[in-house]
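Visitor: I need the structure of the sequence given here:
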Amino acid sequence: MSTSNRRKFLTGAAALGATAALPTTAQAGECDMALPALEHKVFFWLKNPDSTEDRDTLIAGLKALEAIPSVKAIQIGVPASTEKRDVVDNSFQVSELMLFDNVEGQNAYQVHPLHKKFVDECSHLWERVVVFDSIAV
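Guide: Down below sits the predicted model:
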């Protein structure tokens, strides 16, 4: 396969994969519903990184946040066993991706009693948290 064809194939495959990974918000044939505009990505490093119990407790706490009305979608993950490359950081133990319609929805999430309860009950588990918030363009 030539370099040009390989590049086109990889670009197309990546785009297809990214599209397939997006949450669906409409039934088949409906195209008028837009995806939420704000992504809230959080990465957690546990104080006890080898503790399955601590990891599972954090994951259970994160799953409870789905009940907050402004959270449109949530995905919780652990590091994938992907190729080791300089640009890949898989040193975290748990990640969370939340989608919100807008900044106001994310702001409402931050002060919601369930979020405050999560922080109160789970913050002792982590030593580091990094948050990346982005708006769709």
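Visitor: low-scoring pLDDT stretches of this protein, where are they?
Guide: 1-34 (pLDDT under 70).
Visitor: Please repeat the previous calculation with a cut-off of 50.
Guide: Residues of the chain meeting the criterion pLDDT under 50: 9, 11, 13-21, 24-29, 31-32.
Visitor: residue boundaries of the strands in it?
Guide: Under the criterion DSSP state E, the chain contains strands at 38-46, 73-77, 94-100, 126-135.
Visitor: Packed most tightly, which of those strands would that be?
Guide: Most buried of the strands of the chain, by mean neighbour count (mean count of other C-beta atoms under 10 Å): strand 94-100, with a mean of 21. (C-beta placed from N, C-alpha, C; glycine too.)
Visitor: give the contact list for the residue nearest the centre of the chain.
Guide: With distances taken as C-alpha atoms, centre = their mean, L97 lies nearest the centre of the chain, 1.7 Å away. Contacts for L97 were tallied using C-beta atoms under 8 Å, 6 or more residues apart in numbering; they are E39, H40, K41, V42, A73, I74, Q75, I76, G77.
Visitor: Tell me what it is bridged to.
Guide: K41, Q75 (DSSP bridges).
Visitor: so what's the nearest residue to V42 once chain neighbours are set aside up against?
Guide: Spatially, and ignoring its direct neighbours in sequence, V42 is nearest to E96 (4.6 Å; C-beta to C-beta, 6 or more residues apart in numbering). E96 makes contact with H40, K41, V42, F44, L62, L65, I74, Q75, I76, G77, according to C-beta under 8 Å, 6+ apart.
Visitor: any idea which of these is closest to I135?
Guide: Distance to I135 across those (C-beta to C-beta) is lowest for H40, with 10.7 Å.
Visitor: Would you confirm that that closest one contacts M98?
Guide: Yes - between H40 and M98 there is a contact under C-beta atoms under 8 Å: 4.3 Å.
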